[in-house]
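K.L.:
Give the three-dimensional model of this entry:
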Amino acid sequence: MHAVLKNPMRGIALKVSSVVVFLAMQTFIKLAGSGIPPGQVTFCRSFFALFPIIAYLAYIGQLRAAFYTANPVGHLKRGTIGIMSMAFGFYGLLHLPLPEAIALGYALPLVAVIFAAVFLGETVRIYRWSAVLVGIVGVAIVSWPKLTLFRDGGMEAEQAIGALAVLISAVLGGMAMIQVRRLVEEEKTATIVLYFSLTASVFSLASLPFGWLILPWPSALYLIAAGFCGGVAQILLTESYRHADVSTIAPFEYTSILLGGIVAYFVFGDVPSVTMLIGTLIVVSAGIFIIYREHQLGIEQREARKATTPPA
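P.N.:
Residues are numbered from 1 along each chain as shown. From the prediction side, this is the model:
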């Protein structure tokens, strides 16, 4: 494969495209219905994502190489944690308004900073710790009105459980990110993407005896479409990293809350509350600041290496 020249505008376009397709995936899952078991949703999301992923890897000539791994146990760990995160996240998605599910999902990068410091020994200075704390306050503002619904029972309690499920998903997602950080030291991106979809498909299939439903055709088609969208979005996201630095494209992840609000209003009739908007603004601001600080630290580290590298 030839080296790809950086093209930030193309990278941004691909990133935004991935956000749009991931949002389509979430919309299809919500349209499928709230009574579907998370394991069944996770299987459809993972299994049908394999078709575009395998086609893409074959197209770029990496399919055979993607199956080779030097760390099957690492992929097993990543798959186990990732599928639990996905199942909790889908449960929350099915029981919460779309904008609130998206906003609570923004807790993931905050958790990832904490776990990177604890498990990877990364140095996290006062600026990023402050941003994490501010972001957690924002998450609390978004989630608290839902979590207080436990005492009300019925549909309100389901929304409270949904909010808690999304927060648990974010914690598990942070753990999965740590495992991915370890895998990328010795594995290709294509291998990580492929093996996650494979392990997630197998593990979620194990939930078949625990109450899978025979779905009406519309719901089944929505879940199949969600799986294809998930695979296509993963491809677009992977391609975006080939054309631009992570720090350049990462902030565009937050376009999902704007697009999600529009979809939620016109498709599901959901109107975001003032509390949700305030909390989301705080979380997004904290996340963007963390991205900015990581970008600045990356520049400082590169400058330090240049300064310490002896001339040839």
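K.L.:
alpha carbons only for contacts and neighbour counts from here, please
P.N.:
Fine.
K.L.:
Give me the residue ranges of the stretch 1-150 of the chain where confidence is low.
P.N.:
Along the stretch 1-150 of the chain, the model assigns pLDDT under 70 to residues 1-6, 146-150.
K.L.:
now the helices: where do they sit in it?
P.N.:
According to DSSP state H, counting those that start in this stretch, the stretch 1-150 of the chain carries its helices in the segments 8-32, 38-47, 50-59, 63-66, 72-95, 98-105, 107-119, 126-147.
K.L.:
Adding mean neighbour count and distance to residue 158, write these out as a markdown table.
P.N.:
Output for the helices of the stretch 1-150 of the chain, formatted as a markdown table (neighbours: other CA atoms under 10 Å; distance: least, CA to CA, whole Å):
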| stretch | mean neighbour count | distance to residue 158 |
| --- | --- | --- |
| helix 8-32 | 21 | 15 |
| helix 38-47 | 25 | 14 |
| helix 50-59 | 17 | 31 |
| helix 63-66 | 16 | 40 |
| helix 72-95 | 22 | 6 |
| helix 98-105 | 26 | 13 |
| helix 107-119 | 19 | 20 |
| helix 126-147 | 19 | 9 |
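K.L.:
can you redo those as CSV with distance to residue 160?
P.N.:
Converted to CSV, the helices of the stretch 1-150 of the chain look like this (distance: least, CA to CA, whole Å):
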stretch, distance to residue 160
helix 8-32, 17
helix 38-47, 17
helix 50-59, 33
helix 63-66, 41
helix 72-95, 9
helix 98-105, 12
helix 107-119, 17
helix 126-147, 5
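K.L.:
how much space is there between residue 76 and residue 83?
P.N.:
Distance, residue 76 to residue 83, by CA to CA, to the nearest Å: 10 Å.
K.L.:
and if you look at residue 141?
P.N.:
For residue 141, the distance to residue 83 - CA to CA - is 27 Å.
K.L.:
Residues contacting stretch 34-49, please?
P.N.:
For stretch 34-49, contacts defined as CA atoms under 8 Å, 6 or more residues apart in numbering pick out 29, 83, 86-88, 90-91, 94-95, 197-198, 200-202, 204-205, 207-208, 211-213, 223-224, 226-232.
K.L.:
Just the buried residues of those.
P.N.:
Neighbour-count burial (16 or more other CA atoms under 10 Å) applied to the contacts of stretch 34-49 gives 29, 83, 86-88, 90-91, 94-95, 197-198, 200-201, 204-205, 207, 223-224, 226-232.
K.L.:
Now residue 76: closest residue in space, sequence neighbours ignored.
P.N.:
Nearest non-adjacent residue to residue 76, counting by CA to CA, 6 or more residues apart in numbering: residue 199, 7.0 Å away.
K.L.:
Where does that neighbour fall, secondary structure wise?
P.N.:
helix 189-205 (DSSP states H and E).
K.L.:
That helix - contacts with which helices or strands?
P.N.:
Packed against helix 189-205 by the contact rule (3 or more CA pairs under 8 Å, 6 or more residues apart in numbering; DSSP states H and E) you find helix 38-47, helix 50-59, helix 63-66, helix 72-95.
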